[in-house]
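Engineer: 3D, please:
(one chain, ligands or ions: 1)
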Amino acid sequence: MSGLHGGPVVIVGGGVIGMALAYHLTRHGYREVTVVERGRVGEGATARATGGIRQQFTAAVNARLVRRSVDFFSAFAEHTGAPLTFRQHGYLFLLSDQAQLAAFRDAVAMQNQWDIPSRMLRPDEITEVFPQVRTGDLAGASYCPTDGSASPTDATAGLFRAARAGGATVYEQRTATGLRRDRAGQVTGVETDAGALPAEAVVLAPGPWAAELGARVGVPLPVTPHRRQAFAIAPARWLHPSLPFTVDLSTGSYLHPEGAGGVIGGNDRATPPGTDTTVDWQLVESLAAALSHRIPPMADAQVVRGWAGLREMSPDDLALVGPIPHLPGLWVAVGFSGHGFMQAPAVGECLAAQLLGEPSPVDLTPLRPDRFDGSPVTAEAVRF
Ligand SMILES: Cc1cc2nc3c(=O)[nH]c(=O)nc-3n(C[C@H](O)[C@H](O)[C@H](O)COP(=O)(O)OP(=O)(O)OC[C@H]3O[C@@H](n4cnc5c(N)ncnc54)[C@H](O)[C@@H]3O)c2cc1C
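Structural biologist: Residues are numbered from 1 along each chain as shown. Okay, here's the model as predicted:
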């Protein structure tokens with residue numbers, strides 16, 4: 001495996017993905033690392049994320065990446081020198097029918113093979129982990145006690161500081177506008193609005209703006225931005241931060257207990273592509289109705305704040321991570337489909353290994369960026 005030859009690596013995008021990669025490269029002792037961020041570090045999708053970290057996925061690559069990230073989040077201060085509160089309150093998926101149950105049972109079996117302690121719950125066992133859930137019309141649930149949540153902003157700030165301490169240069173308020181290539185087609189640098197930066201390798205990590213930047217540099221990236229919103233609810237006596245992050249799969253709605261209150265959202269998966277991040281308050285009513293059917297005390301929940309950000313959806317809900325074969329020197333880490341925060345530590349580690357020509361701790365083949373070239377995408381029946 002041949003890797004970098006000591007030349008500069010330029011990472012475009014200073015979100016949690018770009019910062020995790022910069023951190024892991026410097027951790028390997030690689031100091032020729034520059035991050036170009038057009039705004040402020042962490043102000044993109046990362047700033048809007050609610051911080052959920054779950055290992056319960058149908059795709060093994062997703063489960064494995066988050067399993068590895070959980071170890072990193074658990075020892076964040078040891079790795080970065082910065083504090084991070086990682087709360088392992090678990091994730092609970094509430095399942096309404098036999099098809100969901102079968103898909104989750106298969107997924108739990110796969111997750112258990114990768115050392116993820118998820119398990120299926122019968123309806124009568126659900127109230128042991130979340131007493132307020134109405135279970136009469138549920139088929140069951142899946143639950144993983146080591147899933148949890150952390151602040152994406154705190155994590156990105158910690159990675160940023162550690163990357164800089166390791167020798168990385170971070171330019172804020174600087175926009176990448178194009179690529180430089182030599183006659184053989186090898187990428188040799190990045191054009192920016194403040195001059196060119198030479199590079200042996202360029203990694204695009206522009207979050208929801210992947211297609212926009214891809215078009216600029218001549219690489220079509222099948223990533224579409226979709227608005228995703230979340231609402232904070234006021235403290236309530238029955239809500240407790242130790243309750244699991246709970247997803248009602250049939251409606252997509254979730255409750256994430258946090259502090260003495262919580263965050264709700266998740267019923268906007270059908271939002272068409274676009275970059276509008278205006279909060280649609282009409283969605284609160286159907287969200288509250290879905291959640292109060294499932295968790296009756298939610299009927300009295302008081303919504304105190306709403307915000308929206310962009311999720312970066314790929315055609316099959318899996319990220320695109322790795323080299324672009326026809327443009328030597330160009331790499332991407334995009335299309336995380338709403339799971340970029342929880343995957344960031346492991347993605348940064350695996351991509352750094354690939355760049356340096358070392359074996360990746362998790363096989364990233366399922367995420368190869370050229371997998372859509374000429375092939376139709378088939379979505380799984382139940383993917384989560
Ligand atoms: C409401 C909401 C809730 C979410 N909840 C979760 C969750 O619970 N768990 C989870 O794992 N994920 C969650 N996500 C998804 C998560 O936010 C993203 O997957 C993750 O933040 C992606 O990180 P990133 O670094 O790729 O993108 P970003 O954070 O968007 O960073 C990309 C950066 O690139 C910069 N950039 C773009 N173009 C250029 C250019 N030309 N030149 C220079 N810089 C450029 C942007 O300014 C931006 O700062 C949520 C998203 C939303 C909107």
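
Engineer: near the ligand, which residues of the stretch 101-250 of the chain show up?
Structural biologist: 175-176, 205-209, 213, 228-230 (CB under 6 Å from any ligand atom). Every C-beta, even on glycine, is put in place using the N, C-alpha and C of the backbone.

Engineer: no wait, the stretch 251-384 of the chain
Structural biologist: 309-311, 336, 338-342.

Engineer: again, 8 Å this time
Structural biologist: Contacts of the stretch 251-384 of the chain with the ligand, taken as CB under 8 Å from any ligand atom, map to 256, 265, 307-312, 333-334, 336-344.

Engineer: Confirm that residue 240 sits in a strand.
Structural biologist: No - assigned with DSSP: H, G, I helix; E, B strand; the rest coil, residue 240 falls outside any strand and is coil.

Engineer: Export the residues of the stretch 101-250 of the chain next to the ligand to TSV and append columns for pLDDT, neighbour count and distance to residue 150.
Structural biologist: TSV is the format used below for these (pLDDT from 0 to 100; neighbours: other CB atoms under 10 Å; distance: CB to CB, whole Å):
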residue	pLDDT	neighbour count	distance to residue 150
175	98	16	29
176	97	24	29
205	98	32	20
206	98	30	23
207	98	27	19
208	98	28	21
209	97	23	24
213	96	24	28
228	95	24	18
229	95	23	21
230	96	21	16
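
Engineer: Please flag which of these sit within strands.
Structural biologist: Among those, DSSP state E puts 176, 228-230 in strands.

Engineer: Contacts only, for the residue of the stretch 51-200 of the chain found nearest the ligand.
Structural biologist: In the stretch 51-200 of the chain, the residue found nearest to the ligand is residue 52; the distance is 3.1 Å by CB to the nearest ligand atom. Contacts for residue 52 (CB atoms under 8 Å, 6 or more residues apart in numbering) come out as 91, 147, 149, 245, 256, 341-342.

Engineer: Next: residue 13.
Structural biologist: With contact set as CB under 8 Å, 6+ apart, residue 13 has these partners: 35-37, 44, 204-207, 209.

Engineer: Among these, name the ones in helices.
Structural biologist: Using DSSP state H, no member of the contacts of residue 13 falls in helices.

Engineer: With adjacent residues omitted, what lies nearest to the most centrally placed residue in the chain?
Structural biologist: Centroid-nearest residue in the chain, with CA atoms, centre = their mean: residue 340, separated by 1.6 Å. Excluding the flanking residues, the one nearest residue 340 by CB to CB, 6 or more residues apart in numbering is residue 17, at 5.7 Å.

Engineer: Wait, a strand at the one you found?
Structural biologist: No - secondary structure assignment places residue 17 outside any strand; it is helix (three-state DSSP).

Engineer: quick revisit: among the residues of the stretch 101-250 of the chain next to the ligand, pick out the one closest to residue 106, please.
Structural biologist: Checking these against residue 106 by CB to CB gives residue 228 as the nearest, at 27.1 Å.

Engineer: excluding its backbone neighbours, what's nearest the closest one?
Structural biologist: Nearest residue to residue 228, sequence neighbours excluded (CB to CB, 6+ apart): residue 311, at 4.5 Å.

Engineer: Now do the SS call for that neighbour.
Structural biologist: Classified using three-state DSSP, residue 311 is strand.

Engineer: Could you list the buried residues of stretch 242-260?
Structural biologist: The neighbour-count check on stretch 242-260 (16 or more other CB atoms under 10 Å) flags 243-258 as buried.

Engineer: Would stretch 25-35 count as contacting the ligand?
Structural biologist: No - using CB under 8 Å from any ligand atom, stretch 25-35 stays clear of the ligand, with a minimum separation of 8.8 Å.

Engineer: So what touches that stretch?
Structural biologist: Contact with stretch 25-35 is made by 4, 6-11, 13-14, 18-19, 22, 41, 79, 162-163, 165-171, 197, 199-200, 352, 355-356, as judged by CB under 8 Å, 6+ apart.

Engineer: returning to that earlier point: can I have the buried ones of the residues of the stretch 251-384 of the chain next to the ligand as a ChimeraX selection?
Structural biologist: Command for ChimeraX that selects the buried part of those, burial taken from 16+ other CB under 10 Å:
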select :256,265,307,308,309,310,311,312,333,334,336,337,338,339,340,341,342,343,344
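
Engineer: The residues of the stretch 251-384 of the chain next to the ligand in strands, which ones?
Structural biologist: Under the assignment DSSP E, those contribute 256, 265, 307-312, 333-334 to strands.

Engineer: Is residue 225 in a helix, a strand, or coil?
Structural biologist: strand.

Engineer: Listing request: residues of the protein with sub-threshold pLDDT.
Structural biologist: Along the chain, segments meeting pLDDT under 70 span 1-2, 374-384.

Engineer: This protein - how does it break down into domains?
Structural biologist: Residue ranges for each domain of the chain read 1-88+147-222+314-384, 89-146+225-312, as given by automatic domain parsing.
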